[in-house]
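>>> only geometry, no sequence info:
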DNA sequence: ATCAAGCTTAGCCATATGGCTAAGTAATCA
DNA sequence: TGATTACTTAGCCATATGGCTAAGCTTGAT
C-alpha cells in the first residue's frame, strides 16, 4: 500500500546478503553475542559487525551491550511487513488469475447455447 | 537450506528498490510494455529499463520483444524461494518459542507438587 | 597496575548501484 | 523514402556496499 516505504527497502536490502541471512538463521534459534556469531564466519570482525549494524538499522535484530559484550537477538515482528508485501503481491496476482478464469468460463458459456 | 543462494540474493536485492516494487505491483495486474510501465515513473527511459533488466535477471519478470515493442510479464513462481526462506525463518523462530513454552511449563509443573 | 578480551572507529580500496545525456538501431507509418 | 516510435547502447558521475588493516577504547581478570 505504502507508495514509498524505506523500511521495506532496508529490510529487503538487508536480506539480500548471504552472510546476513546466515546471521538471521542463527538468531532464529536464540540470542548470541557478536563473538559467537562471528566465530563461524571467515571474515574480519569489523566487516562482520558492519553486517550486524545493517541488520539492526533495518530493524531485523536488536542488540544490547552489557559490559564489554554485545548480545544480539532477532526482532521477528520486523519480518511482517516483508511477508505482508509478498502476500499482497500474491493476492493481486491470484486475483488476476481468478478474473482470467472467470473470463474463460464466460467465453465457453457463451459458445454453448 | 541452501548455504549459498545467489538466486535468493538477487531476488531480495531486486525487491529492495521502491521503483522495482512498483513495477512488480503493476505487473501483478497483467502484462505491459516498457513504455506503458515507464509512463508513470518520473525517470529517464534508460534508467528505467535498467530496473527492468535487474528484475528480469533476478527471474522475477520475463520479457519478449515483438517488433519494436517489448512486453513484460510477472514470473510469479520466482517469488516462491523468497517466501519459502521467510517461512522457514518463521518456523525456526516458532520452534524456539515452543521449546521455551515447554520449558516454562515444565518449570511450573516442577514447582507445583 | 597491567594485561587480555571484546568490540569500535578510522581510513583505505574496489566494485556495484542508480541516476543522467547523447547517440544509435530497428520497426512501423505516411 | 523519410520521419517517428520504441527502445538500446555507451559513457559519465556520485554514492553505497562490502571487504581489509591498524589503532583505539572499555571492561574484566590477574
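Great, that's in hand. For clarity, every value in this text was computed on a predicted model and none was experimentally measured.
>>> dihedrals phi and psi, residue A:68?
phi -100, psi 0 (degrees, to the nearest 10).
>>> would you map the helices across chain A?
For chain A, the helices defined by DSSP state H cover A:6-15, A:18-28, A:34-39, A:45-57, A:80-111.
>>> possible to save those helices as a markdown table with mean neighbour count and mean pLDDT?
C-beta: built from backbone N, CA, C; applies to glycine. Formatted as a markdown table, the helices of chain A follow (neighbours: other CB atoms under 10 Å in any protein chain shown; pLDDT from 0 to 100):
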| stretch | mean neighbour count | mean pLDDT |
| --- | --- | --- |
| helix A:6-15 | 19 | 97 |
| helix A:18-28 | 19 | 98 |
| helix A:34-39 | 16 | 98 |
| helix A:45-57 | 15 | 98 |
| helix A:80-111 | 13 | 80 |
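>>> can you list those helices in TSV and add distance to residue B:34?
Converted to TSV, the helices of chain A look like this (distance: least, CB to CB, whole Å):
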stretch	distance to residue B:34
helix A:6-15	23
helix A:18-28	32
helix A:34-39	44
helix A:45-57	33
helix A:80-111	20
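>>> how many residues are close by whichever residue of chain A sits closest to DNA strand D?
Relative to DNA strand D, the nearest point of chain A is residue A:67 (2.5 Å; CB to the nearest atom of the strand). Using other CB atoms under 10 Å in any protein chain shown, residue A:67 has 5 neighbouring residues.
>>> how about the one 10 residues further on?
Taking other CB under 10 Å as the neighbour definition, residue A:77 ends up with a count of 9.
>>> ok, the residue of chain A closest to DNA strand D - contacts?
By CB atoms under 8 Å, 6 or more residues apart in numbering or on different chains, the contact set of residue A:67 is empty.
>>> phi, psi of it?
Dihedral angles (degrees, to the nearest 10) for residue A:67: phi 70, psi -130.
>>> ok so, going back, dump the helices of chain A to TSV, plus distance to chain B.
Below are the helices of chain A laid out as TSV (distance: least, CB to the nearest CB, whole Å):
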stretch	distance to chain B
helix A:6-15	4
helix A:18-28	4
helix A:34-39	15
helix A:45-57	12
helix A:80-111	4
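>>> switch those helices over to CSV; also include distance to DNA strand C.
What follows is those, written out as CSV (distance: least, CB to the nearest atom of the strand, whole Å):
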stretch, distance to DNA strand C
helix A:6-15, 8
helix A:18-28, 13
helix A:34-39, 3
helix A:45-57, 3
helix A:80-111, 16
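>>> list the contacts of the nearest residue to residue A:20 once chain neighbours are set aside.
Distances taken as CB to CB, 6 or more residues apart in numbering or on different chains place residue A:51 nearest to residue A:20, at 5.2 Å, with adjacent residues excluded. By CB under 8 Å, 6+ apart, the contact set of residue A:51 is A:17, A:19, A:20, A:23.
>>> same question, residue A:17
Contacts of residue A:17 (CB under 8 Å, 6+ apart): A:51, A:54, B:9.
>>> which of the contacts of residue A:51 lies closest to residue B:28?
Distances from residue B:28 to these, taken as CB to CB, are shortest for residue A:17 (26.1 Å).
>>> how about the closest one, phi and psi?
According to degrees, to the nearest 10, residue A:17 has phi -110, psi 130.
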